[in-house]
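Novice: 3D model of this:
(one chain, ligands or ions: 1)
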Amino acid sequence: MEERHRMTVGWPRRRPLDVAFNDISLVLDKTPILSRVGGTCKPGEVLAIMGPSGSGKTSLLNAISGRVRPTSGTITIGGSPLNKRHKRQICYVLQDDIFYTNLTLRQTLVYTALLRLPDSMTYQEKMNLVDHILDILDLKHCQDTIIGKVMNRGLSGGEKKRTNIACELLTNPSIMLLDEPTSGLDSSTAHSLITTLKQFAEKEHKTVIVTLHQPSSQIFYMVDRLLLLCNGQNAYFGDTRKVVEHFSNLGLPIAPHYNPADFILEQVKGPLEVQERLIQGAKEDIRLNFNIPENFTLQTSPSIQSLYSKYLSLPTVHVTTGIDNNQFPWNNKCTACQQQCQHIQQKCPTDVSVTIDIDKKESPIYNKIVVGEEEDSGRSSWSEETRSEASGPSSPCEEYTDVQWPTSFFTQFKVLTQRNFCVARPIILSWLNGAQTLILAIIAGLLWYQAPRTEESLQDIQGWMFFSTHYWMLFKLFSALQSFPAEREVITKERASGSYRVSAYYLAKMVGELPLTFTLPTLYFFISYSMMGWDNIITGFMLLFMLLLNTLVAQSVGLLIGAVCYDLQVGITIAAIFTLFTQLFGGYLANRIPPWLAWAKYLSMVHYAFQNMNIIQFTYGKEISCSMEHSRFNSCVEVSNNEADSHPIPIEEILAERGETLPIWLNTVILIGFMIVVRLLTYIMLRFLHRPK
Ligand SMILES: Nc1ncnc2c1ncn2[C@@H]1O[C@H](COP(=O)(O)OP(=O)(O)OP(=O)(O)O)[C@@H](O)[C@H]1O
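Specialist: As a prediction, this is how the structure comes out:
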């Protein structure tokens, strides 16, 4: 008991919130997807959205979660229209299990906890919570298993589903939306999952909405309410246990011993006439059950009306069901009236204006608003202890949901840096990349082995520089290109749930991957340059610096292309054009560039790195002696053949051979400037292009 209490200290407090969606229509690409769909779900309940494939279940869930804006209709959460503030009170468990596949289940949960739980919780509290959730969802036995993917198996399908739910549960959301949580699970796993959800709903006062495809009758009767969709329209909304009776009343009786879920789905997929009957039946059902006369209006005093509008416009208003349950026959149906609340000093009004226009399908739940006494809005999570704490002295207004981000920029940056390092390490330092680097370093070393510093070997030494800069440009550019597309789904999911700032993610990616980015080029350099002939430490480290800077520039370009292009094929094409252009104008392959094209070499980033490597090697390294005969350098020709072998070629002449040269500092500044601009552009693209809703 004590431990449980300790565990929940600092937990983000959540109020139970009901969900009401009314008259939701959605048109996508001129295709009507949903048409005037309505329903409600209150805390403690599980609402199942069912319907044939393509009937609009996911689209409706997307609308309720705020990821898709309905064309018309209203969605209210705890009585106030769905807005950004609700984002962290709603968890949305997607149909697909989107994770970093090389992290273990525990790592996944730990990083999620560190990112999504508020800074007010200590590290230990967050870890206790992770253990608690692993326990409840029966995931402890596989906590150290990697998530895995098709070619690298890890968690089973059911375990992945539960991991998906566990990540969302960590934040203790008030509302849980789950898209087909049982798909791909065997019947017993599916049953235990829905049982867990049902218990959450009941014990923790969560509002749970799930889409279900073809539930067993056991699962079917476990859900409290059912919204049946037929071609994007309500075919039934109400108590799950009454659906069979409703169908029977419409002349569609169920055969004995038939799974009711299968039966109703068969009917909504049935002939057009049956579908029409069901849709009409659903409309009539609302009218009859709610006993609402057409254009019913109950007028009240102007003062009450002004109170009504006043409190409706306040986001922090404490609104609750103040209508006498006996006053309106449909009141017990209008569960969404139990809206959550904050401090109100005024006395409860006893009457209220109710206007119901059936034709507009304005549900009474939006209109029956009465101001009442405060109720325990701090009730939040999993245990009685938390509840008592939440209703403690602090104001219920101090909800963590009002904070824009769950954690500070620094926390996000720190956790994401660790996670990026963890995720990127096995990819960047894979045995394949390691072997490739070793083999190429040794081949390059053997090819240019102990190259003499003479005019005859000059082109070879420059060849090593050209090859090294270009190899690492290609390697880093293409691996960076795949970096965003590979993690895009995870990032989009996490951004959509408001876990962190893009800036924190991007900066963490830069920093977290930096040591990994440098490892292989450094290994390559030390092997191949040593084999070619190490001149001195200063030359060696300056050359290494240029190689690494060039690698970072190439990585920046790869990241930018990856951030802009969703289509990897398009990205690869653009990257190929860029690298070929860079090579052609890099200063080694073509020296006699036509004057009208000379400007292009300034766009070739590798041209600056190559020039600097030349300057470093021939200025700080061993001197290059003139050729014994037929030297192509003027100063060599001028000296006699006898002393030629000891006469060094002036650096200016070596550099001039490859065209105009900029000073080393300017080349470096241009490279660093280019890298900064490209990285800033990448950030802008990540931030504003393809932003998740
Ligand atoms: N962007 C879009 N443009 C046009 N039609 C779309 C678009 N997105 C979805 N649809 C269509 O909307 C309909 C409903 O899709 P939705 O994914 O909501 O169905 P569903 O009931 O969840 O199906 P399933 O059970 O197969 O997952 C489908 O017919 C789908 O083809």
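Novice: next secondary structure after the longest helix anywhere in the chain?
Specialist: What stands out as the longest helix in the chain, according to DSSP state H, is helix 502-533. Counting by DSSP states H and E, the next helix or strand C-terminal to helix 502-533 is helix 537-564.
Novice: picking up where we left off before, averaged pLDDT, the longest helix of the chain. What do you get?
Specialist: The average pLDDT within helix 502-533 is 94.
Novice: next: stretch 608-616.
Specialist: For stretch 608-616, the mean confidence score works out to 92.
Novice: likewise stretch 435-455?
Specialist: So the average pLDDT for stretch 435-455 ends up being 93.
Novice: and for stretch 43-51?
Specialist: Stretch 43-51 carries an average pLDDT of 92.
Novice: would you work out how far apart the start and end of that stretch are?
Specialist: From its first residue to its last, stretch 43-51 covers 23 Å (CA to CA, to the nearest Å).
Novice: list the buried residues for it?
Specialist: 43-51 (16 or more other CB atoms under 10 Å). C-beta coordinates here come from the backbone N, C-alpha and C atoms, glycine included.
Novice: please identify the helix or strand for the closest residue to the ligand within the stretch 251-400 of the chain.
Specialist: Distances between the stretch 251-400 of the chain and the ligand by CB to the nearest ligand atom are smallest at Leu265, namely 10.7 Å. Assigned by DSSP H and E, Leu265 falls within helix 260-268.
Novice: one more: Ile133?
Specialist: Ile133 belongs to helix 123-136, assigned by DSSP H and E.
Novice: for the ligand, state which of the buried residues of stretch 43-51 is nearest.
Specialist: Gly51 (5.6 Å).
Novice: check contacts around the closest residue to that closest one other than its chain neighbours.
Specialist: Spatial nearest neighbour of Gly51, excluding adjacent residues (CB to CB, 6 or more residues apart in numbering): Leu229 at 3.4 Å. Counting by CB atoms under 8 Å, 6 or more residues apart in numbering, Leu229 touches 37, 49-51, 55-57, 60, 235, 268.
Novice: these: which two are farthest apart?
Specialist: Spanning the widest gap among the contacts of Leu229 are Leu60 and Val268, at 14.7 Å by CB to CB.
Novice: average pLDDT across the helix or strand that the helix holding Ile133 is followed by?
Specialist: Sequence-wise, the next helix or strand downstream of helix 123-136 (DSSP H and E) is helix 157-169. Average pLDDT, helix 157-169: 86.
Novice: give the pairing partners of the next helix or strand after helix 157-169; include direction for each.
Specialist: Scanning forward in sequence from helix 157-169 by DSSP H and E, the next helix or strand is strand 175-178. Sheet pairing here is set by DSSP bridges, and for strand 175-178 it gives strand 90-93 (parallel), strand 207-212 (parallel).
Novice: thinking again about what came up before, buried residues, the helix holding Leu265. List them.
Specialist: Those would be 260-261, 263-265, 267-268, for helix 260-268 by 16+ other CB under 10 Å.
Novice: what's the closest of those to Val274?
Specialist: Once CB to CB is applied, the member of the buried residues of helix 260-268 that ends up nearest Val274 is Gln267, at 5.8 Å.
Novice: can I assume that closest one is in contact with Ser248?
Specialist: No - using CB atoms under 8 Å, Gln267 is not in contact with Ser248; the gap is 11.1 Å.
Novice: what does stretch 418-429 rub up against?
Specialist: With CB under 8 Å, 6+ apart, stretch 418-429 has contacts from 100, 102-103, 107, 111, 479, 487, 508-509, 511-513, 515-517, 519-520.
Novice: dump it to CSV, restricted to CA.
Specialist: Extracted as CSV, the C-alpha positions of stretch 418-429 are listed here (Å, rounded to 0.1, in the frame of the first residue of the first chain):
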residue,chain,number,x,y,z
GLN,A,418,20.5,9.2,-25.1
ARG,A,419,17.8,7.5,-27.1
ASN,A,420,19.2,8.7,-30.4
PHE,A,421,22.6,7.3,-29.4
CYS,A,422,21.0,4.0,-28.4
VAL,A,423,18.9,3.7,-31.6
ALA,A,424,21.6,4.9,-34.0
ARG,A,425,24.6,2.9,-32.6
PRO,A,426,23.7,-0.5,-33.9
ILE,A,427,22.8,1.0,-37.3
ILE,A,428,25.8,3.3,-37.8
LEU,A,429,28.3,0.9,-36.2
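Novice: make TSV from the buried residues of stretch 43-51 and add secondary structure and distance to the ligand to it.
Specialist: Supplementary listing: the buried residues of stretch 43-51 in TSV, determined by DSSP: H, G, I helix; E, B strand; the rest coil; distance: CB to the nearest ligand atom, whole Å:
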residue	secondary structure	distance to the ligand
Pro43	coil	25
Gly44	coil	25
Glu45	coil	21
Val46	strand	18
Leu47	strand	15
Ala48	strand	13
Ile49	strand	8
Met50	strand	9
Gly51	coil	6
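Novice: now do the longest helix of the chain: which elements does it pack against?
Specialist: helix 409-428, helix 431-447, helix 455-481, helix 483-496, helix 537-564, helix 664-688 (3 or more CB pairs under 8 Å, 6 or more residues apart in numbering; DSSP states H and E).
Novice: can you do 6 Å?
Specialist: Counting contacts by 3 or more CB pairs under 6 Å, 6 or more residues apart in numbering; DSSP states H and E, helix 502-533 is packed against helix 409-428, helix 431-447, helix 537-564, helix 664-688.
Novice: one step back: tell me which other helices or strands the helix holding Ile133 touches.
Specialist: By 3+ CB pairs under 6 Å, 6+ apart, helix 123-136 packs against helix 105-116.
Novice: and the helix it packs on with helix 483-496, angle?
Specialist: If you take axes from the mean of the first three to the mean of the last three CA atoms, to 10 degrees, helix 105-116 sits at 60 degrees to helix 483-496.
Novice: just the CA atoms of helix 105-116, as PDB, please.
Specialist: Extracted in PDB, the C-alpha atoms of helix 105-116 (Å, rounded to 0.1, in the frame of the first residue of the first chain):
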ATOM      1  CA  LEU A 105      10.400  -3.100 -24.500                       C
ATOM      2  CA  ARG A 106      11.800  -1.700 -21.200                       C
ATOM      3  CA  GLN A 107      14.000   0.900 -23.000                       C
ATOM      4  CA  THR A 108      11.000   1.900 -25.000                       C
ATOM      5  CA  LEU A 109       8.900   2.400 -21.900                       C
ATOM      6  CA  VAL A 110      11.600   4.100 -19.900                       C
ATOM      7  CA  TYR A 111      12.300   6.700 -22.700                       C
ATOM      8  CA  THR A 112       8.500   7.300 -23.100                       C
ATOM      9  CA  ALA A 113       8.200   7.800 -19.300                       C
ATOM     10  CA  LEU A 114      11.200  10.200 -19.200                       C
ATOM     11  CA  LEU A 115       9.800  12.200 -22.100                       C
ATOM     12  CA  ARG A 116       6.100  12.300 -21.300                       C
END
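Novice: all set now, cheers.
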